[in-house]
Each structure stands twice: as structure tokens, then as C-alpha cells.
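1. Structure for this input, please:
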Amino acid sequence: MLRPDVVEYLKEHLRSFPVEALRKQLSDEGVGDADFEDSLAAALRSPAAPKKPALKPRTSAAALVFLGLGAAVILSIGFYALSRKPVSRSAEGNAAGPSGESAFIGRAGWVVRLPEGYVGVSNFTDSSKRHQVVYFCKKDTDPTNFLNEGLFGQLGIVKLEVLPTQFPNNPAGIANLSRMAAGKYKNAGEKFAMKSMQVATLPGVSVAVLAPFPRAEAFVLGQEHMYFFSAGQEDEIWRDIVLSLRDAHTEN
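-> Okay, the predicted model is just below:
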């Protein structure tokens with residue numbers, strides 16, 4: 001049976017989330033498969049609903065994407081990430097200190113310290129620049145390699161997605177995030193091992209995907225954003241980048 005509320009929900013989120021992810025999300029909320037199919041067909045026939053900046057999607061839907069403050073705040077977090085040594089830029093992007101240390105400063109004020117010889121290559125998935133994607137890589141890396149995650153381990157690439165979070169930065173939020181992440185891997189038929197992690201003041205979960213496509217992933221919760229890291233394996237480069245993350249909203 002066609003359900004108008006489900007139609008409107010699908011029209012709003014079809015461009016951002018996979019159909020099967022939305023099907024599972026709505027199924028968990030009591031929407032039957034027949035109702036979903038009828039509503040999906042109606043949503044596909046209708047023009048997409050305009051995005052409303054203030055609208056909050058249903059619980060955990062935004063987290064399925066995986067699945068972007070002022071200059072003073074950015075500088076203060078940059079100082080922290082670089083052992084409080086001044087950086088040469090206060091704007092978003094790569095920044096270098098006088099001792100040769102470098103960092104990447106995100107649009108929302110977060111900072112990641114970069115290993116020697118590394119840079120961050122950034123873009124956004126939306127016109128409002130709320131979903132930032134950054135590839136941390138060696139300076140001479142061919143950007144076309146970003147399209148092949150199978151090369152991340154060999155080339156030492158670490159990908160970071162930063163997006164608004166629907167999970168609160170507290171034990172309940174991290175528990176819900178852990179359940180969502182576990183469901184993602186189980187639904188994909190992947191073998192994985194998950195454990196809790198702490199990045200400075202930020203809670204998160206670290207995931208080692210064992211098969212069929214081995215990789216390392218981590219979900220870290222800030223006050224306003226979720227940070228999703230992915231790489232070929234958990235090595236020194238991975239640990240240096242992930243554990244150096246600092247979030248402007250929690251460090252100040």
C-alpha cells in the first residue's frame with residue numbers, strides 16, 4: 001500500500017542513500033516490504049523534494065552515508081594538533097609549521113596532523129559543503145587512484161569523510177553508532193572485528209574488515225560531526241592520522 005509519509009521521506013533521501021539502506025532503515029521502523037515498494041515507485045515518479053537545511057532525517061539515516069567556525073577557533077585547534085606551534089594559514093586546507101610539521105584544517109574547524117611528506121586533497125559531496133571528503137596521501141600521488149580503494153593500502157592513502165551526525169556524543173550515541181556499523185558489515189556479508197576506541201576526547205569504534213575485502217575503518221563521534229576513516233590496513237600511517245584528529249567543538 002502506498003504511504004504518503006514514506007513517499008515524502010524517500011523523495012528527500014533517495015539521492016543521498018542507497019535504496020537497500022533506506023529499505024532496511026524503514027523496515028526497522030515498521031514499514032513492510034510491499035508498502036516500501038509501492039511508495040518507492042511513487043517517489044521515483046515524483047520530482048525530488050527540495051532539501052531543507054533545518055530538517056532532521058529519521059534516526060540514524062544520515063549516518064548511512066558514511067557510510068562540513070571562525071578563524072580563531074581553527075587556529076587554536078591547529079596549534080593543538082601541531083603541538084601548539086603556529087601554522088602559516090588560518091583557512092581551510094593544508095597548513096605547515098616552521099619546524100616542518102604539517103596539518104590539514106577542515107572546513108568545520110577540525111584538524112588532522114599529517115605524516116611527513118603527506119598532504120590532504122579535499123572535495124565536497126554537496127553544494128552546502130556540509131559533507132567533506134579528504135584523501136590523505138603522499139604529495140606525488142595520482143588523484144585518479146582515489147577512485148580505487150583496493151590501492152589504498154599499497155599507496156598509503158587514508159580517506160576521511162566528515163558529515164553532520166545524528167548520534168549524540170555520549171555513551172548512548174556511541175552504542176547506537178556501533179549497532180549501525182555492525183549492521184552495515186553484517187548486511188554486506190563481511191567478516192569483521194570491532195572494538196571501542198578513543199581519539200583524544202572523542203569516542204569511536206575501530207573496525208578491521210577481514211573478508212572479502214580487507215581494510216581498516218573507524219567511526220569517530222564529535223559534538224556536531226561524525227568522522228569516518230578508511231584505509232587499506234591499520235598501520236603506522238593510519239594510526240598517526242586517525243589518532244591526531246582534533247575537533248573544534250570538543251577541544252574548546
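
2. Tell me what Val133 is bridged to.
-> Beta-bridge partners for Val133, by DSSP bridges, are Asn123, Glu161.

3. what number of residues lie near it?
-> A total of 17 residues lie near Val133 under the criterion other Cβ atoms under 10 Å. Glycine gets a C-beta too; all of them are placed from N, C-alpha and C.

4. And for Asp142?
-> The number of residues packed near Asp142 is 9, by other Cβ under 10 Å.

5. same question, Ser122
-> 19.

6. and the gap between it and Glu92?
-> 8 Å (Cβ to Cβ, to the nearest Å).

7. between these two, what contacts are shared?
-> Among the neighbours of Ser122, those also in contact with Glu92 (Cβ atoms under 8 Å, 6 or more residues apart in numbering) are Gly106.

8. got the residue ranges for the strands in the stretch 1-150 of the chain?
-> Ranges of strands in the stretch 1-150 of the chain, per DSSP state E, counting those that start in this stretch, are 93-96, 102-105, 111-114, 118-124, 132-138.

9. For Ala42, which residues are in contact?
-> Leu2, Val7.

10. make it 10 Å
-> Leu2, Arg3, Pro4, Val6, Val7, Glu8, Leu10, Lys11 (Cβ atoms under 10 Å, 6 or more residues apart in numbering).

11. from what I can see Gly222 touches Val111, true?
-> No. Contact criterion Cβ atoms under 10 Å: Gly222 and Val111 do not qualify, at 11.8 Å.

12. shared neighbours, those two?
-> By Cβ under 10 Å, 6+ apart, Gly222 and Val111 have these common neighbours: Leu245, Arg246, Asp247, Ala248, Glu251.

13. Rebuild these as CSV, extending it with neighbour count, secondary structure and pLDDT.
-> Shown next, in CSV, are the shared contacts of Gly222 and Val111 (neighbours: other Cβ atoms under 10 Å; DSSP: H, G, I helix; E, B strand; the rest coil; pLDDT from 0 to 100):
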residue, neighbour count, secondary structure, pLDDT
Leu245, 23, coil, 96
Arg246, 25, strand, 94
Asp247, 26, coil, 89
Ala248, 24, helix, 80
Glu251, 19, helix, 62
